[in-house]
Each structure stands twice: as structure tokens, then as C-alpha cells.
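**Student:** build me a model:
(2 chains)
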Amino acid sequence: MSSRRVVFNLALASLRYRAAASLASFVAILIGCGLLVACAGLFETAILLQAQPQRLAAAPVVVGGSSAFKLPDEESQVVPYAERAGLPADQVAKIAAVPGVQRVVTDVSFPAVLLSDGTPTGTGTSVLSGHGWDSAALGGYVLREGNQPAPGQVVLDAATADAAGIKAGSNVDLAVDGRKQTFTVAGVAEPGRTVRAPAFFFSSGDAQQFSPHQGRFDLAGVFPSEGVDAGELAARIAEQVPGVSVLTGDERGSAEFLGVDNSQLPLILLAAVFGGMVLVVMALVVSATISLTVRQRQQELALLRATGATPKQVHRMVLAETMAVGAVAAVCGVVLGSLLGSQIFDTSVSLGIVPDELVFQQDIIAFAVGIVATLAIVYTAAWFAALAAARARPIQALAEASIPSAKVNPLRRTGAAVCGIATVLLAGTTMFMPADTAAAFGGPAVLTGAIAVALVGPEIMAYVADRFGPFIRRVGGRDATLAVINSRARAVAFAAALTPITLATAVALGNVYSETTAQKAQIAAYAGQLQADVVISTGSGAIPADELQRIRSTPGVGTASPLVTSSGWIEQPYDGNGSDPLRLMGVAAEDQGGTVLATAVTEGSLKNLTGDAVALPQAVAENLEIKVGSKITMRLGDGTQAQVNVVALLDSPSSYASMVLPADLLAAHTTSGLPAQVLVKAAEGKDASDLVSALTDQLKDWPGVSVGDDSALLQNFQAGADVEALINYLLAVLAIAYAAIAAVNTLAVAVLARRREFGVQRLAGADRRQVRRMLFIEGGIVAVVGLVLGIVISLFTVLPMAITTGEIIPSGPVWVFLAVVVAVFLIVWPVTALAARLAMRRSPIEAVALPGQ
Amino acid sequence: MPTMTSVESPVQLDAVHKTYGSGDSAVEALAGVTVNFPAGTFTAVMGPSGSGKSTLLHCAAGLDKPTSGSVRLAGTDLKGKSETQLTVLRRQHVAFVFQSFNLMPALNVAQNVTLPTLLAGREPDQAWVDQVIARVGLAQRVKHRPGELSGGQQQRVAIARALAGRPAVVFADEPTGALDTTTALEVLNLMRELVSAGQTIVMVTHDPVAASFADNVLFLVDGQIVTQMATPSVEAVASTLAHLGAQAKQARGQR
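**Tutor:** Now for the predicted structure:
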């Protein structure tokens, strides 16, 4: 038998003999692999980006407007548009002219909602359910009863009709473009495949009238001629008609469901950042666990060396043990990963980061990636940690297992210094970044800080014991004396528990509070730019112009403005920062009642904000050297270029500032085409609550309208839907979980190994209670030091975030901080108590005869 | 693996010094030891506690590196050898029996006995292994783990392991220290027989009875060899030890 085989068999024998000790590694690797498989699944989902088309399923080729903005300075990088880009009529003609095209069916979508007793049924994106009857062919809709719609008539889809109990021939009330209208049901149609969203088909004349984007179509479905392959035709169209996006197969879903393209980047970000953190934390936990077991088995490993094992053979044995555990844990982790993956994905959907229709993909590739990544990182961590085993000198087999000194070797001290500097640098640079990028850079700062603590942990414990020893003794009483001495003498063992606690505290506090601070700033910036006494929103998808007129003419109204939000770019002049689109806000120009915009105007006037105009934040204008009166080229939400006059400069907040455009201009370039919110300021001397009731009264006939005070402004603003928020909260939970595993393992082993010492203590006169009290104080020292260090490190992420968003003082719920503190003590004390009980099971005389320290 | 048949001693120490620690806490364990252990002999090393007996054994076996002086093991100078090279050398020529904690707790008796051979990548001579295990009287317990054996039985397994590899030299540190009288005598008789068959054994002991089985006794005091005795009897060894002790006491009193 080769010596390699022998070493491997030795490893297995050791594992079998000492199965319980591998439990911590097993659990850590299991969870780590599960999380990695979940991340791989998210990554795969993002890459494949499959959303099966429903309403467009019958058209083999779907053509839409250009879907993404090609950055002016970088050829390859594209950023998806926030709104649906349209197809002008002449491009549709060009598509029809491509050889191999049998038929082109155009499609428009406009707000249409079924009303029952005057209230809209259905919410969200399914509001855009109005189409022309021609587009029924795109989904393979077939009339189940009745006829095609004539003007004034509508055809319902079967699901909606059945749910509401409507049959052909009856009348229905619909809110079309926000206006209540009555239509006769001409027929009921059944789609070729299940379509979740409702569909209301109108005559082509009516549809053209209702469509908010005149002269433009949303999509075109292309049917190939006999014998023409859809894929080939798609390629041909892409060649011959520039500036359109041509989709086939499952890609067509991204044309039907907006938000699919936009979710690619957030998903990739989530998978990458979270996955990266999992790898690092898993590596740290595995190294810590191996170092601990190696130290425990010092005598046995030294004996192995004395028996004839070379350092390399001992190294290989420890490595083989870890890999054997790792392999089994990784395979089990795959099962966990498939559960976790769909769980995290569902959470993303419910938070609005990802549309419902996106299909979560997690197949053999994701599993393989997860397992390979896990095994690779475990191997690397174990390789380095096992070096200590190889260094065991044979003579140590005879010596009493000695207590290592607190001094760390100079290499580690240098490493810690490097990490410390890295932390400070990262914190420093994030202070000068825009808030969105700052969040991505903040995470690594806590990691480098925690690694620095891990490297010089023993010296920190020794320092604390020296410096704060007298204080602890005074506070703790008699039993504290030994506790202080122990924390100095056994600094290495204490440091092993210190590291996971510090890491957990730093990551949890750092990520949660930088996230809450950023969110608060984001919300404040958004709300701070607007002032309104009354906010009118609608569930019917749009507030039409005559409703706005009605609002304006209500007595007591000072000024009323529709509110539109979108995102876009300033293309000329270009600041090179295209990967992050700018926030666009659309409001009505200032009139005699004032304006709903709260930001002060530093130059120019908002009265001129009509037609093709824009008001820029002063900082943006200065950065691009734009003056009031100059013309700039902007690219709006749906990809249209617009030449706009700069009519005013605004004193906007430094982060999350919006470019302000006329509401009409901006609304025309959004997917729905119409504003869904109106802000109202009361006239001089008028009471806000009176106005609310007055408007509620005025608008009672309009479908789905809700009138609220200014608190309603934030309800629609989904700051919490940020993918960064999800990442940060997930990381906080992950950190606490891992710390629990590592710290519990370390503490339990450390306490149990001191059986002999407790026996000696008890022989010297201490009773069990006193020994336990000493252990609690020791645990308290580790917990407090870990918490303090963790808080300090977390400040390196939180404070820069606070400063960059202009808040200065970080904000967030207090309960999170308290929960972390409680969690740390819950990790430390119960384990210590249980381990102490086990360690002092025997009588002192028996305990003293045992091997160990 | 053939034992050394040449007349050259398998272990040669020349002016070996060994100091532990540094500065104020430095301890000189060996203060210049020069000795040869001839092949096929049974040598006992004796002396008061702290005289450096164990240290001498460790340096001779290549388990520890001397501060100065040279050690030749099976004709090879150990100076400047890396840990791996020392291990390989030890595997081929040396076996060590510690006072306690000799066995890998995870392996059974048979596996423990063949471990050094297997680590060297060689096939164990099963017939010889069985014979050796039978000689130490543990043929019935081959599948048991150390945790299931008594202290004396564990020691016997350690000795079996030392012999199974047929090394040039067997170093034993107080091999009978933890054994009861009967077992101790059995073990010593076994060692005597093997020496007669050509094995070289170096044993540290403080038991005059054990020393009486040896061909030669070395007496160490404060890291130096003060006297030697050939063909020792129990009484002669005991009286030499007492004499050395009395000398030390007198030296103390005079200061």
C-alpha cells in the first residue's frame, strides 16, 4: 500500500474516532455550500433571463424598440431603459418589407381596468391591459363567444369574464386612461396559452384613440411565411432594420414584462456580493476550526511525527480529514441550496427587485459551481491552516501540551497593519463617492477590519488584560482575578473566539446601519424635493388631463402638478458616468400658485419649465459646465433623444438629486404615457385638511382615486426595493449565523480542554460555582472586546455612508443594535455554562489525572 | 530490513551539548557527551532526575537537534538535515518507545504496530509482525484500540511496534516505569533475548533491577557521563546511584 493511501486511511480512522469534533466544520461547510449553490442559481437566472412570454406567445418573432442605452464612450456596455421604447410607424413598415415576413401585427398597451362598483380591480403592471383587437393574434386569442369589437365595444379575456361573471352582450364599466367609460361586451376570447394578466381588446379605431403614444407602437409581432425558420427571420430583421430589438423563444418575455431586463444587474450583484462574502466567511471559519483541532491534537500529531510521519504526511492527513468532511457536507449542501435559492429568489420578487414572471433557474450547472467553489475554498483554507500541524515537533509528544504565547509572528502583525490601512483607505474613499457606489464599497471595509483583528487577536487580548485588568478585577470581584490572568495567559484560545464575534458584530452592524442610513437619506432627498399638502393617486393607472383640470379648478387649490418619475441620461455633454442613470422627475411649470418643487431655485425660473425644458441640480450643471439658457441633449426613459433648454438651476441635495422636466414631456416618454399622481398645494391661508375633504368630494366620480395628505407621497416610493438593502440584510443574518457556529465550537472546545485546570482549581479550594463564575467573566471579557471592536470596525462603513449622503449622523432602528448585543451574549454564555458543566462532571482528583492542560 | 551487522556502532555522539531556553532561563541539559553504543549491546542510561537522560536519548535518536556537537546515526551525520530527512532516517534505522502515550488512539493494535512501516511506504512483514505481537503476549487483542487496553498492555504494544520494523537501534525511555513487577520482568526478558539475537537497545531507567538486564550502564549527572559500569548487578548499580546521590548532597552542603 502506498504511503499516500496509508495517510488517507489514517485520516478516515481519525474521523471515525473523533466524529463529534468535525461537527462544526461539517455544519459550516454545509451552510456555506448551500448559500453558494443559491447564489449560483441566482447568477444563472440572471444570465439566462428567461421569462416565458404569455400574451405574445403565439408570435414566433417579437420586435420592440431598442431596449438599452449604448453608452457614448464605451462600445460594449449597455444599460437597459427604464421605460418601454416604442416602434415608430415607418420602422414597422420596414419590418414588413423584410423577405420571409408573412404578417406584422402591431401592439399597443394602455391603462384599462375593470371597475366593479366604481373601484378598479387589479393593480400594478396589469393595469396596462388595454389593447387593439388586432393584437389578439399575438397571444392566439380565439373568440369563445360573441364577435370582434366595434367602436364602443370591448372583448374580454376568458379568465376576467369568468371571474366577474360577465357574458357577451352585457355592459361593463372600465376605467380607460383613468376615465370611467361604459362598453358593451362584444365577445369573450380564450388565449392559446395561460395568460395571467387580463386583456381588454378594443376596435382598432378606439385603441388608436386611447393609446397615449400617438404615431408609435409598443411592439410588433412578426409571423414568418411558410417554411421560414423563426430564428433566421429574426436575424434577417435585425440586419435589415437598425435600432430595434428582435426576440425569439423565451427572450420574448422581456418584451412583454418590463423589469425583466432591469433585474439582470441587481441579480448579478446580489449573487456576486453575497457569494463572495460567503466564500470569505467560510474560509475564515474552516481555518479557525482546523487551527483549533490541530492545537487540541498537538500531542497526537507530534506522536505521529515521532512514529515516522514526515511533516508533509501529517499535513496531508489533516487536509484529507477536512476534505472528507467537506465533500460530504458539500453534497448535503446542494439539497439545502436548492431550497435557499428559491427562497431568496421569492424574497427578491416580493420586494419588487425582480418581476414575478422571471423564471428561477437552478440546475446541474449551479449545483456543480456551488460544490466546486466550496471544495476549492475549503481546500485552500485547510491547506494553510494545516501547516501548523506539519510544524509539530516530535518532542512535543512528551511535553505537556504547552500554552502558546500571546506574541504573534511579525508576518501576521504586518498583515494586520496592511488590513487596517486598507480599512481606513476604503472608508476614506467611499466618503467621496456618490451614495449608490459607496454602498458597494463599504462591505469590504468590515472584512479587512475583521481580518486585521483575526491576525493580531492574541495580542489584543493580552493588551486588554494588561490595561483593563484592574478595572475588571474591581468590577468582577474575587473570581475576576483568575479570569484576567487566564485571558492573558490563554490569549491565543480567547482570540479564536474573539474573531468570529468581532466579524459578526462588524458585518451585522455595518451592513444594516449603512443601509438604513442610505435609505433614510434617499427617502428624505426624494420627499425633500417636493412639497405638497394633498397627494392624489389612482388605482386605474392614469390621471387624465380633464381630471387634472377639475383638480385645478377646485376652490382652495393653490397649485396642482402631476408627478412623473423615470430615469435617463444627459447625453451631450456626457460625464462618463453612464452606467448609473440619472433620476428624472416631471412636474408642471410654476404658476401663480407657486410650485410643488421644494428645492430652492438658484438661477433661472421654473415658470419657463414648459415644452422642451429642464431644470438641473446646480452641482450637475457645474460639473458639466452647463449654463442657464444652453441647450443639452438628454436621453429619456424610453430611449428617445430630446433637445432641451436649461431654464433653471436647483439647490438639490448632493445625493439622490433629480433632474426636473415638464411633466408632459416626461410622461409622454414613460411606458404608461400618463401620470399616476398629482400633487396639490393649498392656496394662501387655506387649511390642508379642508382641502383634502374638498378634493375627495370633487373627485368621487373618478375611478380608483385616493386623496391623501403628504404622507402618501412616500408610499409609492419603493426605497426598500433596492437590491442593496436585500444584500445587506442577508449579510447581517449570515454573519451572525456563522459567528454562532465558530464561536460556539471554539468556546466549547476551549472550556472542555481545561478539565485538568478546573480540577486543580477545585483541589485548591474553589467550588464549582466559583469556577463557573470565573468562566462567565472570561466569556464576558471576550464578548465585550468583540462587541467593541466590531462596533469600531462597523463605523468605518457606516460613517462614510452617513457623510456621503449628507446625514452626518447615521440613523437606523435601535433594536438592531440591541439584538446584536444580546445575540453575542447568547452565543457566549450558554455554551460556556454547558461546557463548564460537562468539564466539571468528574471529581477533582479524577480530573487532575486526565491528559491536557 | 537487515539490522546493522558491521562492527561500527549504529549510534555515535561526539561532544554533544543541548541547551533549552535562552538568557536567564537557559537550562543546559547536556554538557558535552561523547559516547558510542556498540551494535548488539543493551545499554542502560541512569542518573538522578534532571540529569539529561531523556535529552540524551532524544538527541541520539534524531528527535531533537543538539546545540553543538555531532550525532551519527547508522553512519550518517545528522547535522543540517531537514525535518523530512530526519524523519526518513529515523523510519529506517530507529525505533522509540516513550514512557507513556505511545499509541495513536484512533488505530487498533495491529495498525499501530505496522504504522511506521506503512508510513515509510513499505509492505509489513506479516509473519514477523504476528510473531512480535505474540512475543509481547497480545495475540488475542490485535483488533482492540489503545483505549481498551491497560497501561501495561499499551506499553507492550509500543514495544512490539518498536521491534516490528527491525530497526538498527531501539531507544526506550523508562519502558517499564508504568508496569507491574511481573509484566516488567517479562518485557525485560524479551528485550534481553532480542539483544542476544543481535538487536541494539538503549534504555533509560532509574530502576536498578531493570538496569541489571543491560550489558553496560552509563551514569549521567548534570548532563555529563560520570561513570560507566559493565555487566552490572542490581546491588552494584544501586550502590553507585546512592554514592552519586550522596556526593551531590555533600557538594550542596559545602556551598
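**Student:** let me know the average pLDDT across stretch A:644-659.
**Tutor:** Averaging pLDDT along stretch A:644-659 gives 84.
**Student:** cool, and stretch A:305-320?
**Tutor:** 90.
**Student:** do the same with stretch B:159-179
**Tutor:** pLDDT averaged over stretch B:159-179 gives 87.
**Student:** same check on stretch A:726-734?
**Tutor:** 79.
**Student:** show me what counts as buried in that stretch.
**Tutor:** A:726-732, A:734 (16 or more other Cβ atoms under 10 Å in any protein chain shown). No exception for glycine: its C-beta is placed from N, CA and C like everyone else's.
**Student:** which SSE is residue 242 in?
**Tutor:** Went with chain A since none was named. For A:Pro242, there is no host helix or strand (DSSP states H and E).
**Student:** chain B was what I was after
**Tutor:** Using DSSP H and E, B:Ala242 falls within helix B:234-254.
**Student:** can you give me the buried ones in that helix?
**Tutor:** B:237-238, B:240-241, B:244.
**Student:** name the residues of chain B found near chain A, please.
**Tutor:** B:54, B:58, B:63-64, B:83-84, B:87-88, B:90-91, B:96, B:98-99, B:101-107, B:111, B:115-116, B:118-121, B:123, B:145, B:161, B:173 (Cβ under 8 Å from any Cβ of the partner chain).
**Student:** buried members of those residues into PyMOL, please.
**Tutor:** Per 16+ other Cβ under 10 Å, the buried members of those correspond to this PyMOL selection:
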select buried, chain B and resi 54+58+63+64+83+87+88+90+91+96+98+99+101+102+103+104+105+106+107+111+115+116+118+119+120+145+161+173
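**Student:** A:Arg754 reaches A:Met840, doesn't it?
**Tutor:** No: contact criterion Cβ atoms under 8 Å: A:Arg754 and A:Met840 do not qualify, at 10.0 Å.
**Student:** re the thing from before, export the helix holding B:Ala242 as PDB, just CAs?
**Tutor:** Provided in PDB are the C-alpha atoms of helix B:234-254 (Å, rounded to 0.1, in the frame of the first residue of the first chain):
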ATOM      1  CA  VAL B 234      21.500  -5.000  41.000                       C
ATOM      2  CA  GLU B 235      23.500  -4.200  44.200                       C
ATOM      3  CA  ALA B 236      26.400  -2.600  42.300                       C
ATOM      4  CA  VAL B 237      24.000  -0.300  40.400                       C
ATOM      5  CA  ALA B 238      22.100   0.600  43.500                       C
ATOM      6  CA  SER B 239      25.200   1.500  45.400                       C
ATOM      7  CA  THR B 240      26.600   3.600  42.600                       C
ATOM      8  CA  LEU B 241      23.400   5.500  42.400                       C
ATOM      9  CA  ALA B 242      23.400   6.000  46.200                       C
ATOM     10  CA  HIS B 243      27.000   7.100  46.000                       C
ATOM     11  CA  LEU B 244      26.300   9.700  43.300                       C
ATOM     12  CA  GLY B 245      23.400  11.000  45.300                       C
ATOM     13  CA  ALA B 246      25.400  11.300  48.500                       C
ATOM     14  CA  GLN B 247      28.100  13.200  46.600                       C
ATOM     15  CA  ALA B 248      25.600  15.700  45.300                       C
ATOM     16  CA  LYS B 249      24.200  16.200  48.800                       C
ATOM     17  CA  GLN B 250      27.700  16.800  50.200                       C
ATOM     18  CA  ALA B 251      28.500  19.300  47.400                       C
ATOM     19  CA  ARG B 252      25.400  21.100  48.300                       C
ATOM     20  CA  GLY B 253      26.200  21.200  52.000                       C
ATOM     21  CA  GLN B 254      29.700  22.600  51.400                       C
END
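**Student:** look at the closest residue to chain B within the stretch 101-250 of chain A and report its pLDDT.
**Tutor:** Chain B sits closest to A:Asp250 of the stretch 101-250 of chain A, with a gap of 54.7 Å, by Cβ to the nearest Cβ. The model reports A:Asp250 with a pLDDT of 82.
**Student:** and the helix or strand containing B:Arg91, what does it pack onto?
**Tutor:** In the assignment (DSSP H and E), B:Arg91 maps to helix B:83-93. Helices and strands touching helix B:83-93, by 3 or more Cβ pairs under 8 Å, 6 or more residues apart in numbering or on different chains; DSSP states H and E, are helix A:311-351, strand B:68-73.
**Student:** repeat that for 7 Å
**Tutor:** Counting contacts by 3 or more Cβ pairs under 7 Å, 6 or more residues apart in numbering or on different chains; DSSP states H and E, helix B:83-93 packs against helix A:311-351.
**Student:** can you pull the residues of chain A lying near chain B?
**Tutor:** Residues of chain A lying close to chain B by Cβ under 7 Å from any Cβ of the partner chain are A:1-3, A:6, A:13-14, A:17, A:299-300, A:303-313, A:394-395, A:397-398.
**Student:** out of those, list just those in helices.
**Tutor:** Taking DSSP state H, the ones among these that sit in helices are A:3, A:6, A:13-14, A:17, A:299-300, A:303-307, A:311-313.
**Student:** give me the buried entries from those residues.
**Tutor:** A:3, A:6, A:13-14, A:299-300, A:303-307, A:311, A:313.
**Student:** farthest pair in these?
**Tutor:** A:Ser3 and A:Gln299 (22.5 Å; Cβ to Cβ).
**Student:** and the helices in the stretch 101-250 of chain B?
**Tutor:** Under the criterion DSSP state H, counting those that start in this stretch, helices of the stretch 101-250 of chain B are mapped to B:109-119, B:126-135, B:151-164, B:181-196, B:208-211, B:234-254.
**Student:** any idea of the mean pLDDT in the second one?
**Tutor:** What that stands for is helix B:126-135. On average, helix B:126-135 scores 88.
**Student:** appreciated, that's everything.
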